[in-house]
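In: Generate coordinates for the sequence data below:
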Amino acid sequence: MKNVLMVTTAFPPAIGAGAVRMMKFAKYLPEFGWNPLVLTVPAIQPANDASIDKGVGIYRAAAPNLGPLFAFGRRLFPRRTIKQPPKVPDITEKEKAFLGRSQLLSSWLLVPDQLIMWVPFAVGLGLKIARQHKVEAIVSSSPVQSCHLVAWTLSKLLRCAYVADFRDPWVTNPFFVYPTRLHRGINTMLERLVMSHASRVVTVSEVWRDELVARYPTLDADKFRLIPNGFDPDDFVDSPSLSIPDRDGPIRIVHSGILFYEGKDPFPFLQAVKSLAGEQGLKDVEIHFVGVPVDKLEPVIQDMGLGHIVKLTERLPYKKSLEYVRTADILLLISGPGRGVLTAKVFEYLAAFKPILAITPPAGALADLLSHTNVAEIVEPDSPRSIAAGLTKLLEQVRAGHMLSPDREFVQQFSRRSQTRLLAECLGGAGQGAPNL
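Out: Numbers count the residues shown, from 1 in each chain. Predicted structure coming up:
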């Protein structure tokens, strides 16, 4: 079996879609002849899924940061505050001001990102791993973009090819603003370096793949491959039935995942719920937001008078969050703007075979995907009236015990095993078509 070094900052016990993507690649790669060796950052939280590390070699390189320097500077040069009646305690304002200054300084000094100081430590550990195991290919996954710099350096030193996996765009990411034209220029140069040297470049969205092909016309279009996110059938073996003929308790609507990220806006949905609560009462409905900043959203929920309907839960371990998805009656999906956005959560929603209320632009990768599934009601993101109409339709179907007719064959193509097969093909192609290093 050949060894592949996976360079990523997203790996359990870290949580999030990126960590799950890499964890599932590592799980299934041995079925396709590749033994994964994971090179990542130190774990900053205890493991929450005991099975995730089983059989996978995980190596963690030191990741220095500017936190201690910022803390020292804060003590030396505290920011003066204007004396006025504050709406929140002074200490909160100071914390916010300090956080803003540290982020600004980091964006100026640390290019391409805050983990640039991890790169030499990761390269050193990668070389040590290579001395113990014959590394025949490298996979790097971002964000964080420093992962690609580690992979590029190691592939040059080890004279092996690598695959660069982009879960989000680099230079063209609409949600990242560079402090100066120079910073953007440096990142553009680094991106071009990676695109030129990588044997395969993977994206999670067809739109983003097409954009890269257009931006790099001198490179072989076959270099750019699509591997969307997906779901693991093993996580859904005990999913409840599609129909709910004799229900006890309220109808459960579940949104699982991060809010206030990449332009996601839950407020039109909450406005729609408020209007329906006034008209219909919604006494048989519970709405669960799982994995949200409770302290940020709770005051809004209370101000809108929705505390009896909307329940908030902080981020949970992956398997526990899936329990909410698997036992929901309706799944709520809120996407950010942009044609290429294809949130990872949608594939787990599809695997649950539950009705989906999709609040997303009608012309985009996400709406196009959902239109093939027969389980989604797609509504305009900025229209509480449209959202209320779509939600009412789904509630009526659930109350009537409506049976879904999902396109199972279409959904099955997004299994994590199938996605890993695509990655293995990239690795095989990378090994055969590697440039002369």
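In: check contacts around Thr343.
Out: Ala17, Gly257, Leu333, Ser335, Gly336, Leu366 (C-beta atoms under 8 Å, 6 or more residues apart in numbering). Placement of C-beta: from N, CA and C, glycine included.
In: Buried ones among the residues you listed?
Out: Listed as buried from the contacts of Thr343 are Ala17, Gly257, Leu333, Ser335, Gly336, Leu366; burial here means 16 or more other C-beta atoms under 10 Å.
In: mind listing which of the residues you listed are in helices?
Out: In helices, judged by DSSP state H, the following of those are found: Ala17, Leu366.
In: Turn the buried ones among the contacts of Thr343 into JSON lines, including distance to Arg200 and pLDDT.
Out: Below are the buried ones among the contacts of Thr343 laid out as JSON lines (distance: C-beta to C-beta, whole Å; pLDDT from 0 to 100):
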{"residue": "Ala17", "distance to Arg200": "21", "pLDDT": "88"}
{"residue": "Gly257", "distance to Arg200": "28", "pLDDT": "85"}
{"residue": "Leu333", "distance to Arg200": "30", "pLDDT": "94"}
{"residue": "Ser335", "distance to Arg200": "27", "pLDDT": "85"}
{"residue": "Gly336", "distance to Arg200": "27", "pLDDT": "73"}
{"residue": "Leu366", "distance to Arg200": "25", "pLDDT": "89"}
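In: and which of the buried ones among the contacts of Thr343 is nearest to Ser199?
Out: Set against Ser199, the nearest of the buried ones among the contacts of Thr343 by C-beta to C-beta is Ala17 (24.8 Å).
In: give the contact list for the closest one.
Out: Arg167, Asn229, Gly257, Thr343, Ala344, Lys345.
In: Let me have those residues in JSON lines, adding distance to Pro143 and secondary structure as columns.
Out: Below are those laid out as JSON lines (distance: C-beta to C-beta, whole Å; DSSP: H, G, I helix; E, B strand; the rest coil):
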{"residue": "Arg167", "distance to Pro143": "7", "secondary structure": "coil"}
{"residue": "Asn229", "distance to Pro143": "14", "secondary structure": "coil"}
{"residue": "Gly257", "distance to Pro143": "16", "secondary structure": "coil"}
{"residue": "Thr343", "distance to Pro143": "15", "secondary structure": "coil"}
{"residue": "Ala344", "distance to Pro143": "13", "secondary structure": "coil"}
{"residue": "Lys345", "distance to Pro143": "17", "secondary structure": "helix"}
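In: of all those residues, which two lie farthest apart?
Out: Largest separation among the contacts of Ala17 by C-beta to C-beta: Arg167 and Gly257, giving 14.2 Å.
In: Point out where the stretch 101-250 of the chain drops to low pLDDT.
Out: 101-104, 238-248 (pLDDT under 70).
In: those strands in it, which residues are they?
Out: 135-142, 162-166, 200-203, 224-226 (DSSP state E, counting those that start in this stretch).
In: just these: most buried one?
Out: Highest mean neighbour count among those (mean count of other C-beta atoms under 10 Å): strand 162-166, with a mean of 27.
In: name the helices or strands packed onto that one?
Out: strand 135-142, helix 146-158, strand 200-203, helix 416-432 (3 or more C-beta pairs under 8 Å, 6 or more residues apart in numbering; DSSP states H and E).
In: again, only this time at 6 Å
Out: The helices and strands touching strand 162-166, judged by 3 or more C-beta pairs under 6 Å, 6 or more residues apart in numbering; DSSP states H and E, are strand 135-142, helix 146-158, strand 200-203.
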